[in-house]
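# this is a predicted model, with the sequence first.
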Amino acid sequence: MFELLGIAPQALFGQLLLGLINGAFYAILSLGLAVIFGLLNVINFTHGAQYMMGAFGAWMLLNYVGIPFWGALVLSPIIVAIIGMVIERTLLRRLYHLDHLYGLLLTFGLGLIIEGLFRRQYGSSGLPYNNPLPGGTNLGFMFLPNYRAFVVVFSLAICIGTWFVIERTKLGSYLRAATERPDLVQAFGIDVPRMITLTYGFGVGLAALAGVLAAPAYQVSPTMGSNLIIVVFAVVVIGGMGSIMGAIVTGFGLGLVEGLTKVFYPEASSTVIFVIMAIVLLVKPAGLFGTVK
Amino acid sequence: MRLAAMFLAAGSLLAAGAAQAQTPAAPLAVKIGVLNDQSGLYADLGGPGSVWAAKKAVADFLATPAGKNLKVDVVFADHQNKADVGTAIARQWFDVDGVDVILDVPNSGVALAVNQVAKEKNKVFINSGAAASDLTGKACTPNTVHWTYDTWALANGTGKAITKNGGDTWFFITADYAFGHALERDTAAVVAANGGKVVGQVRVPLNNADFSSFLLQAQSSKAKIIGLANAGGDTINSIKQAAEYGIVEGGQKLAGLLIFLSDVNSLGLKTAQGLTLTEAWYWDMTDENRAFAKEFAAANRGVHPTMVHAGVYAGTLHYLKAVAALGADKDGAAVVAEMKKLPTDDKLFGKGEIRADGRQIHPMFLFEVKKPSESKYPYDYYTLKATIPANEAFRPLSESECPLVKKS
């Protein structure tokens, strides 16, 4: 069967694994978007810029303070999340009672401004960031770099952890309740505005975390976010806006699909996700895991 | 009859005198448009730096006696690497804003489109940033000059050097647009001509972040050399990820067919060391170049100029010389004809010429990227390996597909 497809099984397994690795980035990013949309009803177009800030945060921590990758993996998302929370408190909060479109415009504009500032300061071609886990393992069918293996395992853990917290814990139930009926939850003595700020911070932190993970593998450049964010939005739309599980599953799934496209018809690898998005929207407009509200 | 002739002669003398008397009062207005990627993946190799280089050339030329009667404006715009955006700006500039010449235009896709607009409007197009050798090949026009480098020259430099050193089987990772295709085609021809063989290729969409899949395909092809027929951020990501997948330890070698100084800077010497590359110009070769780089760096966040910036400088200067010599700038083809007639001579590229096909001719250089321990100061990145003399560096006219070249 493999011979019929014109590709050796070893190569196919290799490509599937690679797809999974890319899927890990999609999953973390779309998870952040889904958390923010699901709980705040804000379409966070600053996500790409926040992903980029995470990567730059890692670079700055290394080059200005001397903190290596592992420290940056914790610190950079926290710093970016705090910046995100400041944005939520000062700007985003004023738009909750308006249409989605206003939040979208604000975050889109903010994203452009942040990207422009970084480009002005650091140029567009990117900065070097060394691999913290050089070397790799030969799996027989492919050479798996240690760092990529770490990325897959780490992102899976983060994704499942996030899903568990939101869907299966008391804190998560507060959060979900607060989005349905904020007035009622507030009446029970829970500080809803603070919860929303923290949720936005968490979603932004996830974007920054993906950025730190991307720094050693991709170039750290101001445009890295805007190149990726459109694909990630497609992932969220396919998974169903606001669905946590949907974001994770489609993130990894589309990584696989894209990986296979890179083998069979590489020219289409940048468009295949949008083709799937179009089909899904035609057949199931709420997305694969979404529900119509 | 004789009386009439005398009147005519006197009249024309008077007219000439009047024209001469007019010039100091109304200097010849020239408008230069720098059109390139101001914000995307090619912004650091051209971008705002090219605008600076054009302005610097204008200032240098206006300071010479020949520049007395010119009034020069420099405008710029971002083509966002989109051919439709690029042509729309070019048309607006030519039709409405009175721009006489467009400079730089990296991204071969956009350059080939602007090339057509410049011909249609009979303006001038001096390309520095784009690579496709088609600009002076089958797409050549009487209105276009290609200054800095092209895919043929890159293939002839890097491709030849590597194939001759035993790298005789190649796999290409190619950017899927005009530039990548041209670079792959020209390099494959050089590989074949030197006894090598191309065993495969993969076409990758522009601006791709993850190359692992393509690198894996290259790895399983068992080719000795993986040719990177891409540029800017794509090349950086390919090289960075090749290191991750242990491609070089596995015995395969990378050939970056188009690598700019800005790319080496963003890779860092640790990753980039040992790469062989071909460039038209390097800042640390002569005192003139170093002085130019120092001034450039002071105005551009400490960044050092690439060959594209140098080409924009030299191209602008030569254009102004031709306009001053001609005393007119509205007939683009006439200006380019004058540019071809005048020998080129500037402090960055030295003496050279522009051939009938629009190709500016100068030496090309084969460099090797230094080890981190060998680099003594900022942007001290290259060791010169070989100089390819001007008459061998570019596609010979005898092989040209350009209709402007008369075949004997």
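The structure has been received and is ready for your questions.

# get me the contact residues on the stretch 51-200 of chain B for chain A.
residue B:176 (Cβ under 8 Å from any Cβ of the partner chain). Where you see a C-beta, it was placed from the backbone N, CA and C, and this is true even at glycine.

# one more pass at 10 Å, please.
Counting by Cβ under 10 Å from any Cβ of the partner chain, the stretch 51-200 of chain B comes close to chain A at B:173, B:174, B:176.

# look up the closest residue to the last one, ignoring the ones flanking it.
Yep, that's residue B:176 we're talking about. Of all residues not flanking residue B:176 in the chain, residue B:203 sits nearest, at 4.1 Å (Cβ to Cβ, 6 or more residues apart in numbering or on different chains).

# in a strand, that neighbour, correct?
Yes. Judged by DSSP: H, G, I helix; E, B strand; the rest coil, residue B:203 forms part of a strand.

# quickly list what it is bridged to.
Using DSSP bridges, the bridge partners assigned to residue B:203 are residue B:174.

# isn't it right up against residue B:180?
Yes. Counting by Cβ atoms under 10 Å, residue B:203 touches residue B:180, with 7.2 Å between them.

# who has more neighbours out of those two?
Neighbours were counted for residue B:203 and for residue B:180 using other Cβ atoms under 10 Å in any protein chain shown; residue B:180 has more, 29 against 19.

# OK, contacts around that one?
Applying Cβ atoms under 10 Å, 6 or more residues apart in numbering or on different chains to residue B:180 gives the contacts B:108-109, B:131-132, B:151, B:172-174, B:201, B:203-204, B:206, B:228-231, B:234, B:257-258.

# can you tell me how far it is from chain A?
Distance from residue B:180 to chain A, counting by Cβ to the nearest Cβ, to the nearest Å: 11 Å.

# contact partners for the residue of chain B found nearest chain A?
Nearest to chain A in chain B, going by Cβ to the nearest Cβ, is residue B:268, at a distance of 3.0 Å. Residues near residue B:268 by Cβ under 10 Å, 6+ apart: A:127, A:128, A:129, A:130, B:236, B:240, B:372.

# looking at those, which is nearest residue B:382?
Lowest distance from residue B:382 to the contacts of residue B:268 (Cβ to Cβ) belongs to residue B:372, with 13.6 Å.

# hang on, the closest one packs against residue B:270?
Yes. With contact defined as Cβ under 10 Å, residue B:372 reaches residue B:270; the gap is 5.6 Å.

# coming back round to it: looking at the contacts of residue B:180, which are in helices?
B:108, B:109, B:151, B:234 (DSSP state H).

# filter these down to the buried ones.
Taking 16 or more other Cβ atoms under 10 Å in any protein chain shown as the criterion, what is buried in the ones in helices among the contacts of residue B:180 is B:108, B:109, B:151, B:234.

# which SS class is residue B:351?
Residue B:351 - assigned by three-state DSSP - is strand.

# the nearest residue to it once chain neighbours are set aside - how many residues pack around it?
Spatial nearest neighbour of residue B:351, chain neighbours left out: residue B:345 (4.9 Å); criterion: Cβ to Cβ, 6+ apart. Residue B:345 has 14 neighbours, counted by other Cβ under 10 Å.

# list the residues that contact residue B:345.
B:314, B:317, B:318, B:321, B:351, B:352, B:353.

# host element of it?
In this assignment (DSSP states H and E), residue B:345 forms part of strand B:344-346.

# chain A: strands as residue ranges?
Using DSSP state E, the strands of chain A run over A:136-138, A:143-145.

# out of those, which is closest to chain B?
With Cβ to the nearest Cβ, the closest approach to chain B among those belongs to strand A:143-145: 4.5 Å.

# neighbours of residue A:79, how many?
By other Cβ under 10 Å, the residues close to residue A:79 number 17.

# and the residue nearest to it when sequence neighbours are not counted, how far from chain B?
Nearest residue to residue A:79, sequence neighbours excluded (Cβ to Cβ, 6+ apart): residue A:57, at 5.7 Å. Per Cβ to the nearest Cβ, residue A:57 is found 18 Å from chain B.

# residue B:355: what's it in contact with?
Residues near residue B:355 by Cβ under 10 Å, 6+ apart: B:136, B:140, B:145-146, B:340, B:361, B:394-397, B:400, B:402, B:404-405.

# tell me the pLDDT of the residue in chain A that chain B sits nearest to.
Closest approach between chain A and chain B, counting by Cβ to the nearest Cβ: residue A:128, at 3.0 Å. On the pLDDT scale, residue A:128 is placed at 87.

# that one: what's it in contact with?
Applying Cβ under 10 Å, 6+ apart to residue A:128 gives the contacts A:59, A:63, A:215-216, A:219-220, B:236, B:240, B:264-272.
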